[in-house]
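Trainee: Make a model of this:
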Amino acid sequence: MSKHIGIVACSAEGAALCYRTICEEGDRQLGGYHHPEISMHTHSLGDYMDFINADDWQGVADLMLSSAKKLAKAGAEFLICPDNTIHGAFEMVAPKSPLPWLHIVEEVAAEARRKGFRKLAVTGTRYTMEGRVYPQKLSEQGIECMTPNEEERGRINHIIFDELVRGRFLDDSRDMFHRIINRMMDEGCDAVVLGCTEIPLLIDDTSSPLRTLDSTRILARAALRRALG
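Mentor: Model (predicted):
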């Protein structure tokens, strides 16, 4: 018997990619279209953004906990959240959660260590790139990280919120990511974290100058491993 996965969703494209990955890779492992039981709950992205823009991370945590409680009632046995940004509230969520969680950044850090990466370029929303979650979790694994410069962070944030979360994937934006990653490669990075769960829909190992750490699929695969024991 596999464990029931609960997905605390935030933005549609990232949550959909995570869900689809679990289903597709479950089928590849189990055959016959099988995958673990999955339930998902999401509050409006707009509700999350209202709290984030007000720098109210307790409000973000309350939304995450609301989803967690509903998923527990639906029978989920553990939780994941395919959204890097709102993990900024995770420390306020975990102690009050009715269920255990997999932490997306911890899973990325573990994968980076497994692959032997030493210095990562971190891309994501401005909140992710300028926050402390990635530096802290990567440091725990003995891995350095750096973020794009201020102008680049603004451009990436714009692409995420004005394009990717709305399902728009433009060649010009892909080219911009390519230039930013290429510059960071020149500064010594040996891999790039796709630290917004929509970025893997725009760029991947075939289009990136550096090897990628796809936070969405890394989390999905970790959830599948946990569910299958």
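
Trainee: Past the biggest helix by length in the chain, which element shows up next along the chain?
Mentor: Of all the segments of type helix in the chain, defined by DSSP state H, the longest one is helix 12-30. Using DSSP states H and E, the helix or strand that follows helix 12-30 in sequence is strand 38-42.

Trainee: Tell me the residue in the protein that is farthest from the middle.
Mentor: Distance from the centre of the chain peaks at G32, with 28.4 Å (CA atoms, centre = their mean).

Trainee: Tell me which stretches of this structure form strands.
Mentor: Here the chain has its strands, by DSSP state E, at 5-9, 38-42, 78-80, 119-123, 144-146, 191-194, 211-214.

Trainee: Ok, which of those strands comes nearest E107?
Mentor: Comparison of those against E107 by CB to CB identifies strand 78-80 as nearest, at 8.9 Å. C-beta here means a position set from N, CA and C on the backbone, and glycine is covered the same way.

Trainee: Show me what that closest one is packed up against.
Mentor: strand 5-9, helix 215-228 (3 or more CB pairs under 8 Å, 6 or more residues apart in numbering; DSSP states H and E).

Trainee: and the first one, what's its mean pLDDT?
Mentor: For strand 5-9, mean pLDDT rounds to 98.

Trainee: List the buried residues for it?
Mentor: For strand 5-9, a neighbour-count test (16 or more other CB atoms under 10 Å) marks 5-9 as buried.

Trainee: One more: stretch 208-215?
Mentor: In stretch 208-215, counting by 16+ other CB under 10 Å, buried: 208-210, 212-215.

Trainee: what is the rounded mean pLDDT of that stretch?
Mentor: 98.

Trainee: Not counting that stretch itself, show me its contacts.
Mentor: 84, 104-105, 107-108, 111-112, 115, 117, 120-121, 177-178, 181-182, 184-185, 189-197, 200, 203-205 (CB atoms under 8 Å, 6 or more residues apart in numbering).

Trainee: If any of those residues are buried, put those into a PyMOL selection.
Mentor: Buried residues among the contacts of stretch 208-215 (16+ other CB under 10 Å), as a PyMOL selection:
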select buried, resi 84+104+105+107+108+111+112+117+120+121+177+181+184+185+189+190+191+192+193+194+195+196+197+200+203
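
Trainee: What count of nearby residues applies to C145?
Mentor: C145 has 21 neighbours, counted by other CB atoms under 10 Å.

Trainee: my guess is it meets A121, correct?
Mentor: Yes - between C145 and A121 there is a contact under CB atoms under 8 Å: 7.4 Å.

Trainee: can you list residues touching both of these two?
Mentor: Contacts common to C145 and A121, judged by CB under 8 Å, 6+ apart, are V193.

Trainee: tell me the contacts of V93?
Mentor: Counting by CB under 8 Å, 6+ apart, V93 touches 61, 64-65, 68, 101.

Trainee: Now that we have the buried residues of stretch 208-215, can you turn them into JSON lines and tack on distance to R226?
Mentor: Shown next, in JSON lines, are those (distance: CB to CB, whole Å):
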{"residue": "S208", "distance to R226": "28"}
{"residue": "P209", "distance to R226": "33"}
{"residue": "L210", "distance to R226": "28"}
{"residue": "T212", "distance to R226": "23"}
{"residue": "L213", "distance to R226": "19"}
{"residue": "D214", "distance to R226": "18"}
{"residue": "S215", "distance to R226": "16"}
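
Trainee: I'm done for today, thanks for sticking with me.
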